[in-house]
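Trainee: Got a sequence here, can you build the structure:
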Amino acid sequence: MRSLEDSVVTAGRRTQAQRRAETREALIEATIQAIVEKGHAGVTVNEVCRRAGVSHGGLFGRFDSLFDLVAAAAAEVGRRQIDGFVAKVAALPDRRDIDAVLAIWLDAARDPINTVWLELTIAARTDAQLRERLSVVRDEYAAAMMADGGLAATRGLPPAQSVALGSIVIFCFDGFAIHTGTFPQPELDALRLEAMTEMVRMYLKAHLVND
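Mentor: Numbering: from 1, shown residues only. Below you'll find the model as predicted:
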């Protein structure tokens with residue numbers, strides 16, 4: 001039978017673990033917001049610690065390096081994007097509705113949190129270590145987006161073609177987010193989405209294998 005003292009010690013340990021987890025979450029959130037507002041180059045130990053209200057020792061007690069913290073932030077962004085996208089698609093009356101799914105996909109690309117992914121993707125072009133870490137997150141993100149209704153209407157396509165079409169949509173919408181974030185043209189937004197939707201429809205009409 002456990003003594004009261006043992007119970008108190010266990011509760012204390014649990015509380016300490018919770019505090020560590022909360023600090024870790026605060027550091028990741030601070031990193032995400034720093035990247036959104038200042039870009040990848042603006043993410044420093046001082047900046048992240050200031051935003052999170054954590055000391056340098058607190059940061060390095062939970063992450064081996066700033067790089068590891070940035071990689072954890074990228075993984076968290078991927079998780080949030082996947083969860084949000086899947087929930088919205090699951091709520092659709094028809095998950096094969098191309099217009100509705102592409103509109104949700106575009107909203108995901110234009111979400112401010114996706115700025116983190118875009119910033120890190122550009123930085124990874126010349127950073128092999130970052131590129132290696134992001135590739136894991138990218139593969140998980142792409143697989144989840146396709147598997148959980150990213151383009152349910154493509155399921156009659158051969159797998160390689162379905163993945164190719166889905167990746168083209170991601171690339172186009174990410175590019176859209178980059179350019180409209182810098183040079184917004186809201187009067188063209190609906191027309192651009194309409195054009196993408198029509199191109200996807202035409203591709204499916206030409207290549208879809210009947211069930």
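
Trainee: Double-check Phe176 against Leu188; I have them as touching.
Mentor: No. With contact defined as CB atoms under 8 Å, Phe176 does not reach Leu188; the gap is 10.1 Å. Yep, even glycine has a C-beta here, placed from its N, CA and C like the rest.

Trainee: Measure how buried Arg19 is and give me the count.
Mentor: 10 (other CB atoms under 10 Å).

Trainee: any idea of the mean pLDDT in the one helix or strand it maps to?
Mentor: Applying DSSP states H and E as the criterion places Arg19 in helix 4-38. On average, the pLDDT along helix 4-38 is 80.

Trainee: buried sites along the next helix or strand after it?
Mentor: Sequence order places helix 45-52 as the next helix or strand after helix 4-38, per DSSP H and E. The neighbour-count check on helix 45-52 (16 or more other CB atoms under 10 Å) flags Glu47, Val48, Cys49, Arg51, Ala52 as buried.

Trainee: again, but for stretch 123-138
Mentor: Ala123, Ala124, Leu130, Arg133, Leu134, Val137, Arg138.

Trainee: How many residues are close by Ser202?
Mentor: No, residue 202 isn't Ser; it's Met. 10.

Trainee: go on, Arg24?
Mentor: 19.

Trainee: surely it meets Gly58?
Mentor: No. Under the criterion of CB under 8 Å, Arg24 lies out of contact with Gly58, with a separation of 9.5 Å.

Trainee: list residues touching both of these two?
Mentor: Common neighbours of Arg24 and Gly58, using CB atoms under 8 Å, 6 or more residues apart in numbering, do not exist here.

Trainee: Spell out for me which residue occupies the centre of this protein.
Mentor: Gly78 (2.7 Å; CA atoms, centre = their mean).

Trainee: now it: how far from Leu134?
Mentor: When distance is defined by CB to CB, to the nearest Å, Gly78 is 9 Å away from Leu134.

Trainee: Ok, Ala26 next?
Mentor: 23 Å.

Trainee: can you list the weak-confidence ranges in this protein?
Mentor: Where the chain drops to pLDDT under 70, the residues are 1-14, 144-153, 209-211.
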